[in-house]
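> sequence plus predicted model, see below.
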Amino acid sequence: VNKWPEPMLSVAAQPLPVETRVGPQRLRVGLTQAIPWLPRLSRQVQAVDAAAAAARSALDATLASVRRDVRVPWADLAWMTHTASIVKEQRDLLAGFEPSVLARLRIGKATYEDAQRLRLMIGELDENRQSLLDRTSAAAAMVRAAAGVTPTQALARAEYEADPLAGREVPDLAQLTAALRQNPGLVAAEARIAAARSKVAATEVRGTPDFAVGLDWIMVGEARMPNVTESGSDALMVMASIKIPAWRGAYAADTDAARAQVDVAKATREQVLRKAEARLAQLLFELRDARRKRALYAGDLVPRARSALTTAMTSYASGRAGFNDLIELENKLLAYQIRLTTAEASRVRAVANLELLLGRPLAAVMATSKEKKP
């Protein structure tokens, strides 16, 4: 707030009154108002406002990071949940296939080793699923901690976020480089530069004078001598003062220090920008790679592997396929499904980190970029 210093009220009583011609001075009441050099006051206010803006920007950057810190462990939790479901599906598939193997074993069309191997695979899948379920408890605890909720807070089933670029290609580096100006860290760095510059402007006028005006009222008693003109008349005094800035050398040193802070803030901003540009390139690659893998596994490899396994199981039951061929196809299907859900998790993580880097949702960035095109 742009305001002057508070006025000062002073009261002084005189136990031994000073005798004057018109009577003894018993009490003195004064009111003083300091008047700062107005340009300096304005610059000081600007410096305080700039420092507050820098603090707000730093807080916004922290809040943006907190949002990302919730989304990433949520994606991890979704991966564990989906992978556990995939493992259970494969375990149930093998368990449903076990009677066929045992039936073939009884008529000599399968070996005891085949039945043992199948039972071992079922047991291994059971153990893997249980391990994943146990890990979900730790992942859920991380989500609750990042979200700031109690450890007993119930969570919904973790699912992957929808793709904000559904039906569109991942933008290239040139399209998003300009959007980095909204990066929370970069915004905070710019605010620190503005605050440092405001501090320089404030220190440059510290050597200007201050003024003060005042009014003193002196209560005077009756004169001891009779027939004194104006006996007992109170006195008023008007006062004016000026502060002489004598320590200009110290003021100059403060200004030099403030200018150095500007240079440090600029260097920090450049470092943040270079790191953000490199991080942008890395995240665009991760997002592009995750979407490519998701499309490959969801649209081609997983359906093909599932169809091939179904055919192989039918052929095995009729004696036209071998046990090893069937197990190989089952392992491929399991691997492809896990790679698919891993690609989904990687996509969500990349989007969360990218939106933190850009300071806003990716869809909004793309919409703004599209509007600016001629």
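Done, it's in.

> going by C-alpha atoms from here, please, whenever you check contacts or count neighbours.
OK.

> and Gln182, how many neighbours?
16 (other C-alpha atoms under 10 Å).

> right, and it touches Leu362 too?
No: using C-alpha atoms under 8 Å, Gln182 is not in contact with Leu362, being 11.8 Å away.

> now this protein, which segments are flagged as low pLDDT?
Scanning the chain for pLDDT under 70 picks out the ranges 1-2, 38, 248, 369-374.

> can you pull out the strands in this structure?
Along the chain, the stretches classed as strands by DSSP state E are 8-20, 23-35, 211-220, 235-242.

> export these to a markdown table and tack on distance to Leu357 and mean neighbour count?
Listed next are the strands of the chain as a markdown table, based on distance: least, C-alpha to C-alpha, whole Å; neighbours: other C-alpha atoms under 10 Å:
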| stretch | distance to Leu357 | mean neighbour count |
| --- | --- | --- |
| strand 8-20 | 52 | 12 |
| strand 23-35 | 47 | 18 |
| strand 211-220 | 50 | 17 |
| strand 235-242 | 53 | 12 |
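
> for Ala295, find the nearest of those.
strand 23-35 (71.7 Å; C-alpha to C-alpha).

> name every strand pairing with that closest one and say which way it goes.
strand 8-20 (antiparallel), strand 211-220 (antiparallel) (DSSP bridges).

> now distance to Met366 too, for the ones you listed, in JSON lines please.
What follows is the strands paired with strand 23-35, written out as JSON lines (distance: least, C-alpha to C-alpha, whole Å):
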{"stretch": "strand 8-20", "distance to Met366": "59"}
{"stretch": "strand 211-220", "distance to Met366": "57"}
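
> those: which one's closest to Leu132?
Among the strands paired with strand 23-35, strand 8-20 sits nearest to Leu132 (C-alpha to C-alpha), with 71.4 Å.

> follow-up on the earlier one: may I see the strands of the chain arranged in JSON lines, with distance to Thr255 as well?
Listed next are the strands of the chain as JSON lines, based on distance: least, C-alpha to C-alpha, whole Å:
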{"stretch": "strand 8-20", "distance to Thr255": "30"}
{"stretch": "strand 23-35", "distance to Thr255": "23"}
{"stretch": "strand 211-220", "distance to Thr255": "23"}
{"stretch": "strand 235-242", "distance to Thr255": "23"}
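
> nearest to Ala189, out of those?
Nearest of the strands of the chain (C-alpha to C-alpha): strand 23-35, 35.1 Å.
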